[in-house]
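> can you look at this prediction? I've put the sequence above it.
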Amino acid sequence: MTTPVRTPLAAMDVPPRRKPSNYPAPFAERMSGREKRQLGDAFGLSRFGVNLTALAPGAQSALLHRHTRQEEFVYILSGTPTLRTDEGEFTLGPGMCVGFPANGLAHHLVNRTDEEVRYLEIGDRDPEDAGEYPEDDLVARFSAQGWSFTRKDGTPW
């Protein structure tokens, strides 16, 4: 990690994350068109993360997923993404927000428009978190080394 910033800065001055996705192939390619700026990391925050995320037309935020321990909050800044959950779809717009308790709804955002979507995503960093993916043969586990992925039967990717 670089030296944390100690003064205010413009969010767009935080460089985009170098690695576009932590997912293994073939899942990582599905995150094409997503750009994350890790604002919390820029300030050395360790207990929760804050990302400024942009989705190009046709892009998605993540695979449809839920966390076992992490809570997430999303605030839409611009654009009109579609929120997909395992209970349905909802169109979001600027100023709208949504939260996801641990073990709650599986969710992700999809940009089905011709304009870029920008939003803030905020989540805690529970060291015992795991991710479940109802539509994909994937399980994620979080550790001090970051995310690791296996198939649902436990075999590695």
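Thanks, I have the structure now.

> so G99 versus N22, what's the distance?
22 Å (C-beta to C-beta, to the nearest Å). C-beta: built from backbone N, CA, C; applies to glycine.

> now do the helices in the protein.
Counting by DSSP state H, the segments of the chain that form helices are 39-42.

> shaky segments in it?
1 (pLDDT under 70).

> quick one, strands of this protein?
Ranges of strands in the chain, per DSSP state E, are 34-38, 48-55, 66-67, 72-78, 82-85, 88-91, 97-100, 107-110, 117-124, 130-132, 139-143, 146-150.

> tell me which of those sits most buried.
The highest average neighbour count among those, using mean count of other C-beta atoms under 10 Å, belongs to strand 66-67 at a mean of 22.

> unless I'm mixing things up, R69 is touching G123, no?
No - counting by C-beta atoms under 8 Å, R69 stays clear of G123, with 10.2 Å between them.

> would you mind giving the strands of the chain as JSON lines with distance to P4 added?
Formatted as JSON lines, the strands of the chain follow (distance: least, C-beta to C-beta, whole Å):
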{"stretch": "strand 34-38", "distance to P4": "12"}
{"stretch": "strand 48-55", "distance to P4": "13"}
{"stretch": "strand 66-67", "distance to P4": "25"}
{"stretch": "strand 72-78", "distance to P4": "22"}
{"stretch": "strand 82-85", "distance to P4": "32"}
{"stretch": "strand 88-91", "distance to P4": "36"}
{"stretch": "strand 97-100", "distance to P4": "27"}
{"stretch": "strand 107-110", "distance to P4": "28"}
{"stretch": "strand 117-124", "distance to P4": "18"}
{"stretch": "strand 130-132", "distance to P4": "27"}
{"stretch": "strand 139-143", "distance to P4": "22"}
{"stretch": "strand 146-150", "distance to P4": "19"}
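
> what about those strands, which gets the closest to P26?
strand 146-150 (11.8 Å; C-beta to C-beta).

> show me what K36 bridges to in the sheet.
Note on K36: beta-bridge partners by DSSP bridges are T53.

> please name the residues that touch it.
By C-beta atoms under 8 Å, 6 or more residues apart in numbering, the residues touching K36 are P16, R17, P20, N51, L52, T53.

> E128 too?
Per C-beta under 8 Å, 6+ apart, neighbours of E128: T68, R69, F142.
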